[in-house]
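Q: could you work out the structure for the sequence below:
(chains A and B)
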Amino acid sequence: MNALFGSSRLSRNLIATAAWLCYVFLLLPSLIVIPISFGNPGQIEFPPRQFTLALYQQFFTDQAWWGSMVQSLLVATVTTMLTLVLAVPAAYALVRSQLPRRNLLRGLFMMPMLVPVIVLGLGLYLQFSNWGLLDTTTGLVLSHIMLTTPFIMVSVMSGLHHSDVSLETVASIMGASRPVIFFRVVLPQLKASIAVGALFAFLMSLDEVVVAYFLTGTKAMTLPVKMYSSIRWELTPVLAAVSTLLTLLSLLIALGIIALQRKTEANP
Amino acid sequence: MTVTPMTVTPAPASAPVAEGDRAMVELQGVTKRYGEVDALKRVDLTIRKGEFVTLLGPSGSGKSTLLNLIAGMITPSSGRIVIDGRDATTLPTNQRGLGMVFQNYALMPHMTVFENIAFPLQVRHLPKDEIKRKVEQVLDLIQLGHVAGRRPRELSGGQQQRISLARCIVYNPALILMDEPLGALDKNLREQMQLEIKRLHADLGITMLYVTHDQDEALTMSDRIVLMNGGKIEQQGKPDELYFKPATVFSAEFIGSSNLIPGIVEAGGVSGLSLRTAIGTFPVPAADFAVSTGDKAMLLVRPENMTLTGGPGVTSVSGRIDDSILLGGVVRHFVRCKDQSTIIVQELNQPDRPIAKRGDEVRAGWPPAHARLLPPSVPH
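A: Next comes the predicted model:
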């Protein structure tokens, strides 16, 4: 760094300015919707010339809007819980056991992260239409479980790599059975990594739009899909209020993740 | 850190005497193979009830493999393991009724000290009030009752290791395995803990299998030392037997320091034998292995059995002082013999002793009865 730019005050200021410009460039599109959401309910307007909560009122009184928000929250919650049930034991088995072909299995579990989402969406669409799962909450939850599994697994596997195997050994020597060891020794140590993974999964499911767009129609429509269609067909300023709410939620979850990660670093 | 005799838990102190001959653990021809490598080669070992046995050896000698086999973390390639009269060769770890103390303590970080010690009792489904009573008793025993509500990481290393010991004692396992339990502690604390563990062993009559590579620790604590080398038991016996009567060059070199002089056995001397070496021919005591004239053999003399002052009936060899090191209570002389080999002489330090200087001509002597004849070392 110093060799490249020298250490003069000027160059340091230049770097700082460049960094801040990048941040602003990245953040601006997300932030610009916030003032708009408090502005004119008639049309999208920046800068806003009045301050009102009318758009939020519109959002919460329109069944189509908050209904899809409830649907999104429901899908994200159920997805997260089911993924935990699936991914935490799977991660434990992959890290601790001597299963043959462990690496192959690990690769399979990570696949949904690598396959292009649009391909996944198309595949699921074709398959689910045979099974009658299109436009159902069940179908959507199933596909979101696929998408979120790798994230919880990565988080839990890294937690397991940092936890001490000898605790499990000593518990076994003390007479504890496998289930007792898993629930009383392993899980409590993984609390933070499980929580981080769960928050990631929740967030992913909440704003996942591609697969949801393929799979849902009017009945199981989630908020991001509703927003997308709304942009295409009506372009209402309520979108700004929805975006602001989603941004706020994401921010809270991100802060939660950071706090949890700090906590784990403090007492490993 | 004194320990009052315990009235609570398991066997009274007199029990091991009565049951002293009953085997707690028996290994019969146990072999453990990893690919082409034999980590353990047909080992037979018996640990009696109430005995404190130490597995001593360099790293890679098979002592940890042996421990893991007894704990059930690995299964033997061949042979049989019997624990407390039951064939345990393939028994799962959690059904062997053992206890273990690790070097890194292995206390559950998410549990308090109380919960840690209560854990094995909860696993055994003991009633709540009995768990509370037992945990409190054992905490009193190790004098750490005041930390019951704390988390392990709030305690010092020594305290954590005592908690992990208490966690074993509380459920009275057939055998407590200890894998270098004091390796992470500093020297003073280690010595203190050695005595505490020894005292708990004597008071409670628990059978213990202790693994270490530290010969002082083994000599301090054990009823019996099992010296391991290359996946085999090199020699076993009481600490003084291993120290004074090593059977092999490996034993002699691993425990204590030693002067080893190679030579050829000849007739002569009081015992009828003497050893011709590059620095002279010395009388030797009777060997306790089959030996005849013309055989190669090693002469062992411990440095503390040697002296520079000579005297009647002392065998000696001439040499020149290379260095003299003051080690506090003792002084250690390095004597260079005429064949350039070095003999170490260790004497008690006294204020009026003349200081040996580099280059001084001396005679390093020893009473012939304090020497020992060993078979020449065989490569494993």
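Q: can you list the residues of the stretch 151-268 of chain A near chain B?
A: A:164, A:166-167, A:169-177, A:180, A:184-185, A:188-189, A:191, A:267 (C-beta under 8 Å from any C-beta of the partner chain). C-beta: built from backbone N, CA, C; applies to glycine.
Q: just those residues: which are in helices?
A: If you go by DSSP state H, those have A:166-167, A:169-173, A:180, A:188-189, A:191 in helices.
Q: from the residues of the stretch 151-268 of chain A next to chain B, keep the buried residues only.
A: Neighbour-count burial (16 or more other C-beta atoms under 10 Å in any protein chain shown) applied to those gives A:164, A:166-167, A:169-176, A:180, A:184-185, A:189.
Q: any chance of the ones in helices among the residues of the stretch 151-268 of chain A next to chain B in a markdown table, with pLDDT too?
A: As requested, these are exported to a markdown table (pLDDT from 0 to 100):
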| residue | pLDDT |
| --- | --- |
| A:S166 | 90 |
| A:L167 | 93 |
| A:T169 | 92 |
| A:V170 | 94 |
| A:A171 | 95 |
| A:S172 | 94 |
| A:I173 | 94 |
| A:V180 | 94 |
| A:P188 | 92 |
| A:Q189 | 90 |
| A:K191 | 89 |
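Q: distance to B:T65 added to these, as CSV?
A: Shown next, in CSV, are those (distance: C-beta to C-beta, whole Å):
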residue, distance to B:T65
A:S166, 16
A:L167, 22
A:T169, 15
A:V170, 18
A:A171, 22
A:S172, 18
A:I173, 16
A:V180, 27
A:P188, 31
A:Q189, 28
A:K191, 35
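Q: show the contacting residues for A:T149.
A: A:T149 is in contact with A:83, A:86-87, A:90, A:109, A:112, counting by C-beta atoms under 8 Å, 6 or more residues apart in numbering or on different chains.
Q: correction: the previous question concerned B:I131.
A: Going by C-beta under 8 Å, 6+ apart, the list of residues near B:I131 reads B:118, B:121-122.
Q: does it lie in a helix or a strand, and which?
A: For B:I131, the host element (DSSP states H and E) is helix B:128-141.
Q: that helix: how far from the chain's middle?
A: 32 Å (C-alpha atoms, centre = their mean, to the nearest Å).
Q: can you name the next helix or strand after that helix?
A: By DSSP H and E, the next helix or strand past helix B:128-141 is helix B:157-169.
Q: contacts made by that following helix with the rest, please.
A: A:174, B:9, B:99-102, B:105-107, B:113, B:116-117, B:119-120, B:138-139, B:141-142, B:144, B:147, B:152, B:155, B:176, B:181-182, B:184-185, B:189, B:192-193, B:196-197, B:200, B:204, B:206.
Q: for that helix, buried residues please.
A: Buried-residue list, helix B:157-169, by 16+ other C-beta under 10 Å: B:157-169.
Q: kindly list the longest helix within chain B.
A: From DSSP H, the single longest helix across chain B is helix B:187-204.
Q: picking that back up, any chance of the contacts of B:I131 in JSON lines, plus neighbour count, secondary structure and pLDDT?
A: Below are these laid out as JSON lines (neighbours: other C-beta atoms under 10 Å in any protein chain shown; DSSP: H, G, I helix; E, B strand; the rest coil; pLDDT from 0 to 100):
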{"residue": "B:A118", "neighbour count": "21", "secondary structure": "helix", "pLDDT": "96"}
{"residue": "B:L121", "neighbour count": "22", "secondary structure": "helix", "pLDDT": "96"}
{"residue": "B:Q122", "neighbour count": "16", "secondary structure": "helix", "pLDDT": "95"}
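Q: quick one, phi/psi of B:R86?
A: Main-chain torsions, B:R86, degrees, to the nearest 10: phi -120, psi 140.
Q: tell me the contacts of it?
A: Applying C-beta under 8 Å, 6+ apart, no residues contact B:R86.
Q: so how far is chain A from it?
A: Plainly put, B:R86 is 15 Å away from chain A if you go by C-beta to the nearest C-beta, to the nearest Å.
Q: got the angle between the helix holding B:I131 and helix B:157-169?
A: Computed by axes from the mean of the first three to the mean of the last three C-alpha atoms, to 10 degrees, the angle separating helix B:128-141 from helix B:157-169 equals 140 degrees.
Q: is it true that A:W65 touches A:V242?
A: Yes: with contact defined as C-beta atoms under 8 Å, A:W65 reaches A:V242; the gap is 7.0 Å.
Q: got any residues that touch both of the two?
A: With C-beta under 8 Å, 6+ apart as the test, A:W65 and A:V242 both reach A:F59.
Q: this completes my enquiry, with thanks.
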